[in-house]
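1. Sequence first, predicted coordinates after that:
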Amino acid sequence: MKTIVTDLPTIGKKITMVTSKNEKITLITHHTGKRDLYFSHDVDDDEADYAIELSAQDTRELGAQLLGASYQPGDTDQMKMVKGAMVLEWYTLTASSALVGKTLVESDIRAKTGAMVVAITRGENVIVSPSADEVLKTEDVLMVAGSRENISSFEDWIKTQYVDSSNRGV
């Protein structure tokens, strides 16, 4: 991104940024703390397509959000690496499963197989990142994550726990 800073006597500063898509964002910071943001699709156009006025507080919040205060997107290179290394499978607990009535910590799935339960679908509800004290129930659908080896170990182990795995691999 190309940035140009210009003094505006008696007003403040003008900061013009040209994005990688050749669009222009202009920020005028007034001595009073007020900020005006102007957006232009055409870098050569002096007329803005859209403008907004921000208070000093609005500007701080926008800056915090741009820096990732509420959300940090994943690095796409890391996501590709994880996507190739991680397997997700789904398993439905039957009434005869030895896991029914146990908490996740009591089931000891991770220690026994290396895989972990990352979500549980219970009826219409989804429990994302369930706590260790979550009690497993009949018809719970476990979303299990791990390496291929972890999932293979989980599948070998789960056969001894009387679980229906007919709907796995969605």
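-> Thanks, I have it.
2. So which residues of this structure form strands?
-> 2-8, 12-18, 24-30, 35-40, 50-54, 87-92, 116-122, 125-128, 141-146 (DSSP state E).
3. nearest to S153, of those strands?
-> Nearest to S153 among the strands of the chain is strand 141-146; the distance by C-beta to C-beta comes to 8.0 Å. Every C-beta, even on glycine, is put in place using the N, C-alpha and C of the backbone.
4. can you put the strands of the chain in a markdown table and add distance to K159 and mean neighbour count?
-> A markdown table is the format used below for the strands of the chain (distance: least, C-beta to C-beta, whole Å; neighbours: other C-beta atoms under 10 Å):
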| stretch | distance to K159 | mean neighbour count |
| --- | --- | --- |
| strand 2-8 | 61 | 10 |
| strand 12-18 | 59 | 16 |
| strand 24-30 | 58 | 18 |
| strand 35-40 | 59 | 17 |
| strand 50-54 | 60 | 12 |
| strand 87-92 | 11 | 18 |
| strand 116-122 | 17 | 17 |
| strand 125-128 | 24 | 10 |
| strand 141-146 | 14 | 21 |
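5. so can I have CSV of those strands showing mean pLDDT?
-> Below are those laid out as CSV (pLDDT from 0 to 100):
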stretch, mean pLDDT
strand 2-8, 93
strand 12-18, 93
strand 24-30, 93
strand 35-40, 93
strand 50-54, 92
strand 87-92, 85
strand 116-122, 91
strand 125-128, 88
strand 141-146, 89
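6. do you know which of these lies nearest E61?
-> Closest among the strands of the chain, using C-beta to C-beta: strand 50-54, at 8.8 Å.
7. Next up, the contacts around L62.
-> L54 (C-beta atoms under 8 Å, 6 or more residues apart in numbering).
8. Now do it against I25, distance only.
-> When distance is defined by C-beta to C-beta, to the nearest Å, L62 is 12 Å away from I25.
9. ok, back up a step: now render the strands of the chain as a markdown table, adding distance to E106.
-> Output for the strands of the chain, formatted as a markdown table (distance: least, C-beta to C-beta, whole Å):
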| stretch | distance to E106 |
| --- | --- |
| strand 2-8 | 57 |
| strand 12-18 | 55 |
| strand 24-30 | 55 |
| strand 35-40 | 54 |
| strand 50-54 | 52 |
| strand 87-92 | 17 |
| strand 116-122 | 12 |
| strand 125-128 | 16 |
| strand 141-146 | 14 |
